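Visitor: Turn this into a structure:
(chains A and B)
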There are 2 protein chains.
Amino acid sequence: MKLTGQNFLGNQLSSQEDKKFNAIDPTRGEKLTPDFMEATVQEVDEAARMAAVAFKEYRKTDASQRADFLECIAQEIEKVGEALIQRCHQETGLPEARISGERGRTTNQLRLFAGLLREGSWVNARIDTSDPDRKPIPKPDVRTIQIALGPVGVFGASNFPLAFSVAGGDTASALAAGCPVVVKAHPAHPGTSELVGIAIRNAILECNMPDGTFSMVHGKSNEVGLAIVKNKYIKAIGFTGSFKGGKALYDAASGREEPIPVYAEMGSVNPVFVLPGAMKAKSTEIAEGLTASITLGAGQFCTNPGLVITEDNHSKEAFYKELSESVSKTEAGTMLTESIQQAYDLARNNLLDQPGVQQIAMGKEGNRGFMGKASVYQVNSPDFLRNDGLEEEVFGPSSLLVSAKDNQDLISIASKMKGHLTASLFGLEEELDNYKDLILILEQKVGRLIINGFPTGVEVCHAMNHGGPFPATTDSRSTSVGTASIYRFTRPICYQNFPDHLLPEELQQANPLKVWRLYNGEWSK
Amino acid sequence: MKLTGQNFLGNQLSSQEDKKFNAIDPTRGEKLTPDFMEATVQEVDEAARMAAVAFKEYRKTDASQRADFLECIAQEIEKVGEALIQRCHQETGLPEARISGERGRTTNQLRLFAGLLREGSWVNARIDTSDPDRKPIPKPDVRTIQIALGPVGVFGASNFPLAFSVAGGDTASALAAGCPVVVKAHPAHPGTSELVGIAIRNAILECNMPDGTFSMVHGKSNEVGLAIVKNKYIKAIGFTGSFKGGKALYDAASGREEPIPVYAEMGSVNPVFVLPGAMKAKSTEIAEGLTASITLGAGQFCTNPGLVITEDNHSKEAFYKELSESVSKTEAGTMLTESIQQAYDLARNNLLDQPGVQQIAMGKEGNRGFMGKASVYQVNSPDFLRNDGLEEEVFGPSSLLVSAKDNQDLISIASKMKGHLTASLFGLEEELDNYKDLILILEQKVGRLIINGFPTGVEVCHAMNHGGPFPATTDSRSTSVGTASIYRFTRPICYQNFPDHLLPEELQQANPLKVWRLYNGEWSK
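Guide: Residues are numbered from 1 along each chain as shown, chains lettered A, B, ... in the order given. Down below sits the predicted model:
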C-alpha cells in the first residue's frame, strides 16, 4: 500500500500547505519516505466541521450498526497485514512481536466495544415510573440514558503506535459512544497512522457511515493539536502523553468560550513498595520481575515502575544487589524518537546531580540509533522527602530506589506523594495486614493498586481503571482503558413523561433490547 | 435558638475579623439581627485543613454509619421546627408553605441518600475475575469501586434556602459519598444557614463524626468563595447560581496548580415549544399552566420557562391572549433580594430595548418590599435569531414568546440554541411524531426533555438528570439532583490481585453486603 503523506478530511485526502516532515527510523536515525504534510488550521477546522455534520447522522445509528463498524475497522486493520507491522517497526523501533501483540490488543479492543454495544446495557438506563396519585403533586415518569457528547479530538500517543493511536482506545470508545473523531496523528509514526487511517476509511465506506465520522490530521508543531482543542465543534479530548502536553491541552480547553472535558493521561512514576518480608523471602523473584518491568518496551510505558520503596533492613542489601545484577545484564533498548532518547539521558544526568542520589546499576550500552540503557539509582528517604523533583517521571528504562528507615518513614513517603496511575505492594500474606494504613493512603494517590504484581500490563476489561489523581491525569473520575472509558464521551439525557414509542429502545417499557436497567432503584432486565 | 452570626470551623464558632453584614427582610427592605461575621481567608483555609484531616477518618466510616448520620441531620433539621420556617421566611420572603415544602424536600433528600447508602449498590462495583491459564499472559483479578474524592466546597443558592443550601443536595450527596464539606453560606439567608448549620453540628456530635466533616463560612464578598475554590485541600465544588458566579469559580478551579472539577448549575431559559395542535386544542390549559410555571416562586427557579416558541398560525392569537389575560391577573411576588429585584427590572427594561421585542402582558404591581411583577414579551423569529442576548436568562417571573413562521423555522430556532437545563414540548399524541427532528435537536441542547409538562418541579429520584450542556452547567456529564448526583464527588479505584480480606466489602468474593455488581460483564447480586 503506497503512503500519500496527506491528511484525511473525512474520506478525502488534503494537503493545503507545503510544510512537511518525515518519520525517522530510530534504529538508524534515518529519514523514512514519504514526506508527511503538516495540516493547516483551516484543514483542522474543516475536519471538525465535517465531524459536526457527520455527528447528526452518526449519533442516530443504532448500536448494532456501530458494532458492525467497529468490527469492520478491526478486520480492515488485520487486512493491512505485514505492511503495518513493518512500517510500525521502521517508525518506532519496537520489536515486531511487540507490534504484532499490540495490533491484537487494538483489534480486541475494537471488538470488545462492539460486544459492549451489542449487549447494550452500557447506556446505564435508569427508570423511575410515575405515580399519578402521589400527594401533593403527581410523580412524573423519568427515564435517563447516556448519549454521545459530540465530536472528539483524539491525540495519538508515541509509545502505543496502535493501541493508543489512530484506532486505539480513545477512538474505539468515542466511536462506540456515537462520537465522530478527529485524530491528531503522532508525528513519530505518521505512516503507521496513515495505514490505520486507510483501514478506518475503508470501514466507513463499507459500513456506509457518514463522511466525516473519521478525520486525521498530521502535525509536528503544537498548532495543529491546539487548533483541534480550540475548535468549537469539538466536545471532548482524549490524550495520552507527557504532563506538559496534556496540561497545555487542558488549559486551552478550559479557556475556551465553551469549556470541554480533557481526558489527558500524563503518566506517572508508579511507586512499588517492597515490604520487608517479601524482600527477604522473594528477593530474586522480585528483583528479576522488576528488572523486566522497568525495561519492558525500553521503559516507555505510562505504568513503568519509576520508584521502588523499601525499608532499610538487613535484606535490603541483598535485594539491591540482585536488582543491580539483573539490570546490568539487560540490553539497551531502542527508544521511540531522538528527542525521547535525549530527554531520557538528560533526566538521568539530572538525577545524578540531585543531593544524595547515587547510581547503583547500569544496563549494557547501545550500539546504534536512539538507544536507552537501563539504569537504577538510589536515594535515602530524607533526601527524597526534601526534593519534589525526585517524584517526576523519567521516561525510559530507569528506576529510583528509595530507602525508608522504617514503617513510619514508608508512610511518610507515601503520604507526600502526588497522584499516580498505579501503586504496587509486594508483601507476604501475613505482612500485608500490617500495612493497611499504607493501602489507605495509596487509595488516595492512585487509580489502581496492585498486590504482588508489576504495574506494566493494563488488562482491557470492564473493571479496569487506568487513570488517577492529578498530575497522573486531568480527570481522575475517568479511565482510558477498559469498557468504562466510553463514559468519557457521553452525558445523561432525561426524558420526562414521554410517550413510549418516542423513547430510545433501551428506555421503552417492554425493554425490547433486554438491557440491564436501574428500574425503580433495582437492576433488572 | 439564638443566632451568633459566626462561622463554623468544624464544631467551633469563629469570627476573626470585624467585617459584618446583615440579612435583609425583602418584604420590607429592613435589616434583620444579628450581625453576621464575614470569614477571613485564614478561616476558610482552616476549615479546609480541618476537612482534609476529618476526611482521613470520615472516608473510613461504613455506609450504614453515614446513613445514620444523614438521617440524624434530617431529624435535627426537623427539630429546629417553626423557628427555621420563620427565619427563612423573614430572610427570603418566600411563603411559609413553600419553605415548609422545601424543608420536606431537604430532609427527604437526606433520607434518600441514607437509603442509597444502606442499599449499597451505588458504589458501582465492577469485577473481572482472573484466568491464570490465559495465554500468552495470565489474566489478573481486577475489581473497581467508586470512592470519595475528598473535601468538597458547597455554595448555598439564594433561591433554595434549604434544598440547595447548607444541607441541600450538594451537601447530602457529598457527605453520602464520604466527602467532608466546607459550605459557603449564601449571604441572603445567613440565619437560616446558621440554624441548619447547628443541626448538622448536632448530628456530627450525636453520631460521633470527625470534627471538620462540616464547616460553614459566611461572606458577602467574592473573596470567601474564591478562597474555598483555591484551597489545595478542596477537591471539588458544588454550586447553583448565576452564570457569572459559576463561570468565575470554574475559571479559578481550572487555573489551580491541581485543577479540580466544578459542578456549577448556572440556570437557563428552559425553552417551551407549543406545537400547533396542542396550541389549538389545549390553549387555556397550557396558558394557565404556563403562567403558573412562569410565576412560581416569583420566577426564581433555574427551570423557569423563559422562552415559549410557537408556530405562527391562526390559533396563536388566541393562545397569546389567554396567556396575557392569565398573566395580567397574577399578583407580584416578593423577590429574594434587592439586587435580584433590581437585576430583574433592568433585564426587563433591556428586553424592551431590543429590536422587535414587545411587551404583551404585565402582572399586578407590587406594593411593598422587593417585588417582581410578572411580564410576558413577544418577538418574531428573525429578530430572535439575530439577537443572541434574547436567549439569556431573565431571572424572575418573565417569559419571551417567540413566533416561528413554520415547522422549519422552529427547527432553526432550536438549532441555534445554546445549552439549557430543560426543554418542554406540548403536542397532541399524533402531532409529536411529526416533530422527531425537533426532539433529536433538543437532545443535543438540554439535560431533560419533557412532554406535555412544565419544567419547574424537579423530581428527586434515581433517574433524574438536572444538568445540561454549557452554559447551563460547567459539566454536562453530571446531575445536581437525584441519587446520581453522588458521582460528582467520587472516582474509581481499582484493586488488582488483592487478597479477599483486604478488599472493600462490596468487592469481596462472597458479596457480604449483597450489592448489585457488574460481575464478568453481567449485573448480579
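Visitor: Regarding chain A, what is its longest helix?
Guide: helix A:96-119 (DSSP state H).
Visitor: which other helices and strands contact that helix?
Guide: helix A:63-80, helix A:82-92, helix A:169-177 (3 or more Cβ pairs under 8 Å, 6 or more residues apart in numbering or on different chains; DSSP states H and E). No exception for glycine: its C-beta is placed from N, CA and C like everyone else's.
Visitor: Which positions within the shortest one qualify as buried?
Guide: Going back to what we said before, that points to helix A:169-177. A:169-177 (16 or more other Cβ atoms under 10 Å in any protein chain shown).
Visitor: Could you confirm whether it reaches chain B?
Guide: No - residues of helix A:169-177 contacting chain B under Cβ under 8 Å from any Cβ of the partner chain: none, with a closest distance of 11.8 Å.
Visitor: Could you give the average pLDDT over that helix?
Guide: If you average the pLDDT over helix A:169-177, you get 98.
Visitor: Ok, the longest one next?
Guide: Taken as a whole, helix A:63-80 carries a mean pLDDT of 98.
Visitor: So for it, what gets flagged as buried?
Guide: In helix A:63-80, the ones that count as buried by 16+ other Cβ under 10 Å are A:63, A:66-77, A:80.
Visitor: Near chain B, which residues of the stretch 301-450 of chain A are found?
Guide: By Cβ under 8 Å from any Cβ, the residues of the stretch 301-450 of chain A that approach chain B are A:429, A:432-433, A:436, A:439-440, A:443-444, A:446-450.
Visitor: Pipe these into a markdown table and attach neighbour count, secondary structure and pLDDT per row.
Guide: Shown next, in a markdown table, are those (neighbours: other Cβ atoms under 10 Å in any protein chain shown; DSSP: H, G, I helix; E, B strand; the rest coil; pLDDT from 0 to 100):
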| residue | neighbour count | secondary structure | pLDDT |
| --- | --- | --- | --- |
| A:429 | 13 | helix | 92 |
| A:432 | 22 | helix | 96 |
| A:433 | 12 | helix | 95 |
| A:436 | 10 | helix | 95 |
| A:439 | 18 | helix | 97 |
| A:440 | 14 | helix | 96 |
| A:443 | 17 | helix | 97 |
| A:444 | 20 | coil | 96 |
| A:446 | 28 | strand | 98 |
| A:447 | 30 | strand | 98 |
| A:448 | 29 | strand | 98 |
| A:449 | 22 | strand | 98 |
| A:450 | 24 | strand | 98 |
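Visitor: Nearest to residue B:57 among these?
Guide: For those, the minimum distance to residue B:57 (Cβ to Cβ) is 10.6 Å, reached by residue A:440.
Visitor: My understanding was that that closest one contacts residue B:55; is that so?
Guide: No - counting by Cβ atoms under 8 Å, residue A:440 does not reach residue B:55; the two are 11.2 Å apart.
Visitor: what's around the closest residue to residue A:296 other than its chain neighbours, how many residues?
Guide: Spatial nearest neighbour of residue A:296, chain neighbours left out: residue A:456 (5.1 Å); criterion: Cβ to Cβ, 6 or more residues apart in numbering or on different chains. Neighbour count of residue A:456, defined by other Cβ atoms under 10 Å in any protein chain shown: 21.
Visitor: quick one: residue A:456 and residue A:306 touch, right?
Guide: No - the pair residue A:456 / residue A:306 is not scored as a contact, 11.2 Å apart, by Cβ under 8 Å.
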